[in-house]
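In: task: produce atomic coordinates for the following.
(2 chains)
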Amino acid sequence: EAAVTQSPRNKVAVTGGKVTLSCNQTNNHNNMYWYRQDTGHGLRLIHYSYGAGSTEKGDIPDGYKASRPSQENFSLILELATPSQTSVYFCASGDGLGGREQYFGPGTRLTVL
Amino acid sequence: GMPVEQNPPALSLYEGADSGLRCNFSTTMKSVQWFQQNHRGRLITLFYLAQGTKENGRLKSTFNSKERYSTLHIKDAQLEDSGTYFCAPWGSGGSNAKLTFGKGTKLSVKS
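Out: Alright, predicted model coming up:
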């Protein structure tokens, strides 16, 4: 079965600080995704990647960077964290040309004070 | 309008009841995933459909790309079915070539 893990699972950061959220997948999927979920809403796409070395902007990329150093790892970076980035962040992996099933990690709860 | 609309926004059922959730799309979609988000916040994939109908135990889902909708039917509701259900269709190309989540249906099952 597909396995996507995230670390940390919970994080408290201060405004202006740098935060890195990590995601690892053992499925050998080409595509990886970062989403955020805010109370009462579905997930929204921040960044995604088609493979090692590639990052693409999703629907809400402002204030975030992404890094895909390898097939297995995809990081989301908040260079200057703000309270509006308090949210739950989900990573996912998927394969194929698109329209294929995505497998989600357990989520990271980030609080920016 | 919203690319993905889920109805109803909230639903309350007694144990043993049957009910259906619906997801309407504003444009043609290539496939759809249905998720249950449990009380711990974990997203559990229920179905992935590129066409037709799938069943898994008490759950059944249908995807009609041409008519732009998908449904999730829950039979004999149980307490553990409580949670929020999301549909997430995959668009057919260009800027739509991604999962777009609906706002979810919050289901409460009571004894």
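In: wait, B:Ile44 sits on B:Gln36?
Out: Yes - in this structure, B:Ile44 is within contact of B:Gln36 by Cβ atoms under 8 Å, at 4.7 Å. For every residue, glycine as well, the C-beta is placed using N, CA and C.
In: between these two, which is the more surrounded one?
Out: A direct count of neighbours by other Cβ atoms under 10 Å in any protein chain shown for B:Ile44 and B:Gln36 places B:Gln36 higher, at 21 against 12.
In: now for the more buried one: which residues touch it?
Out: Neighbouring residues of B:Gln36 by Cβ atoms under 8 Å, 6 or more residues apart in numbering or on different chains: B:Leu43, B:Ile44, B:Leu46, B:Asp81, B:Gly83, B:Thr84, B:Tyr85.
In: please name the nearest non-neighbouring residue to the residue in chain B that chain A sits nearest to.
Out: Residue nearest to chain A within chain B (Cβ to the nearest Cβ): B:Phe101, separated by 2.9 Å. Spatial nearest neighbour of B:Phe101, excluding adjacent residues (Cβ to Cβ, 6 or more residues apart in numbering or on different chains): A:Gly42 at 2.9 Å.
In: with A:Ala3 instead?
Out: Nearest non-adjacent residue to A:Ala3 (Cβ to Cβ, 6+ apart): A:Thr26, at 4.7 Å.
In: where along chain A do the helices fall?
Out: For chain A, no helices are identified by DSSP state H.
In: could you report the pLDDT at residue 1?
Out: You didn't say which chain, so I picked chain A. pLDDT recorded at A:Glu1 is 57.
In: I was thinking of chain B, sorry if that wasn't clear
Out: For B:Gly1, the predicted pLDDT is 59.
In: ok so, going back, the contacts of B:Gln36: which two are farthest apart?
Out: B:Leu43 and B:Asp81 (15.3 Å; Cβ to Cβ).
In: tell me which of these two has more neighbours.
Out: The neighbour comparison of B:Leu43 against B:Asp81 (other Cβ under 10 Å) goes to B:Leu43, with 24 against 19.
In: the more buried one reaches B:Phe35, doesn't it?
Out: Yes - in this structure, B:Leu43 is within contact of B:Phe35 by Cβ under 8 Å, at 4.8 Å.
In: overlap in contacts of the two?
Out: A:Phe104, B:Phe86.
In: how many residues are close by the residue nearest to B:Phe101?
Out: Other residues within reach of A:Gly42, judged by other Cβ under 10 Å, total 21.
In: any idea which helix or strand of chain A has the worst average confidence?
Out: strand A:102-104 (a mean of 90; mean pLDDT, DSSP states H and E).
In: do that one and chain B meet?
Out: Yes - contact of strand A:102-104 with chain B (Cβ under 8 Å from any Cβ of the partner chain) involves A:Gln102, A:Tyr103, A:Phe104.
In: distance between that strand and the chain's centre?
Out: 12 Å (Cα atoms, centre = their mean, to the nearest Å).
In: now for it, which elements pack on it?
Out: Under the contact criterion of 3 or more Cβ pairs under 8 Å, 6 or more residues apart in numbering or on different chains; DSSP states H and E, strand A:102-104 touches strand A:87-94, strand B:43-49.
In: and if we set it to 10 Å?
Out: Strand A:102-104 is packed against strand A:4-7, strand A:31-37, strand A:87-94, strand B:29-37, strand B:43-49, with contacts defined by 3 or more Cβ pairs under 10 Å, 6 or more residues apart in numbering or on different chains; DSSP states H and E.
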